[in-house]
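Trainee: okay, sequence plus prediction incoming.
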Amino acid sequence: MKAVVFIANGSEEIETFTPVDYLRRAGVDVTLAAVGTDSKTVVCSHNVSVNADCVLKDILQEPLPDAVIVPGGMPGAVNISECKYAIEFLSKMKKAEKLLCAICAAPALVLGKHGFIEKSLWTCYPGMQENVPECLSSFTDKAFVHDKNLITGRGPGAAEEFSMEIVATLCGKGTADKIKKGSVQR
């Protein structure tokens with residue numbers, strides 16, 4: 001299994017690294033891809049500098065992973081939404097029916113803005129759903145939602161549940177249960 005996790009200047013740290021950590025514990029080959037920049041170094045929303053594994057535009061021609069994870073954070077979600085390479089990558093993933101995952105502001109500002117959540121049940125950070133009025137009828141305020149090939153989460157406080165749903169989907173419930181027990185999750 002392979003996954004790509006986007007990271008941009010302004011991405012929220014918990015929403016970025018919780019999926020990276022749990023997916024790597026599950027044995028998933030995770031690539032942290034810098035988005036909206038030509039540098040692998042980004043500064044997250046709480047001023048943490050991070051060196052990504054690569055720049056997204058450099059892996060566009062590689063085989064698609066099994067999942068892509070889009071963290072929120074401001075202005076990280078906006079920076080991802082405005083990156084043509086990110087939208088191109090997400091389009092390829094959706095067309096190939098791969099797993100699209102987004103949390104916090106990203107479900108609305110990235111997936112919603114570009115039409116990736118149409119006809120799906122979804123959630124996001126409180127109030128961000130107002131940015132996608134045509135999809136309000138399929139919005140819910142649950143901590144995370146899994147609908148077909150879409151997993152969305154509310155925000156940093158839901159990052160653990162959101163990430164574990166991704167692990168269970170890619171690696172099975174048994175693997176997710178082992179990680180949950182081994183990391184002393186609630």
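Mentor: Done, it's in.

Trainee: going by neighbour count, list what's buried in stretch 25-39.
Mentor: For stretch 25-39, the neighbour count (16 or more other CB atoms under 10 Å) marks 25-26, 28, 30-37 as buried. (C-beta placed from N, C-alpha, C; glycine too.)

Trainee: give me the contacts around that stretch.
Mentor: Here stretch 25-39 makes contact (CB atoms under 8 Å, 6 or more residues apart in numbering) with 1-9, 16, 19-20, 23-24, 40-42, 50, 52-56, 59, 65-66, 79-80, 82-83, 85-86, 167, 170-171, 175-176, 179, 182-183.

Trainee: mind checking which of the residues you listed are buried?
Mentor: By neighbour count, with 16+ other CB under 10 Å, these hold 1-9, 16, 19-20, 23, 40, 42, 50, 52-53, 55-56, 59, 65-66, 79-80, 82-83, 85-86, 167, 170-171, 175-176, 179 as buried.

Trainee: run through the strands of this protein in chain order.
Mentor: Remark: strands assigned in the chain by DSSP state E are 2-7, 29-34, 41-43, 49-51, 54-55, 67-70, 99-103, 144-147, 150-153.

Trainee: what about the residue lying closest to Val78 once chain neighbours are set aside, neighbour count?
Mentor: Counting by CB to CB, 6 or more residues apart in numbering, Val78 lies nearest to Leu109, which is 6.1 Å off, once chain neighbours are set aside. Neighbours of Leu109 under the rule other CB atoms under 10 Å: 27.

Trainee: make sure Leu109 is actually in contact with Met128.
Mentor: Yes: here Leu109 lies in contact with Met128, judged by CB atoms under 8 Å, at a distance of 6.6 Å.

Trainee: so which of the contacts of stretch 25-39 are in helices?
Mentor: Using DSSP state H, the members of those that fall in helices are 16, 19-20, 23-24, 79-80, 85-86, 167, 170-171, 175-176, 179, 182.

Trainee: and the gap between Ala86 and Asp58?
Mentor: 13 Å (CB to CB, to the nearest Å).

Trainee: actually Asn9, not the one I typed
Mentor: Counting by CB to CB - Asn9 and Asp58 are separated by 17 Å.

Trainee: please apply the same query to Phe139.
Mentor: Separation of Phe139 from Asp58 (CB to CB): 35 Å.

Trainee: go through the ones in helices among the contacts of stretch 25-39 and say which is closest to Ala96.
Mentor: Each of these was checked against Ala96 using CB to CB; the closest is Leu170, at 14.9 Å.

Trainee: the closest one against Val68, yeah?
Mentor: No: the criterion here is CB under 8 Å, and Leu170 misses it with Val68 at 11.7 Å.

Trainee: I'm done for today, thanks for sticking with me.
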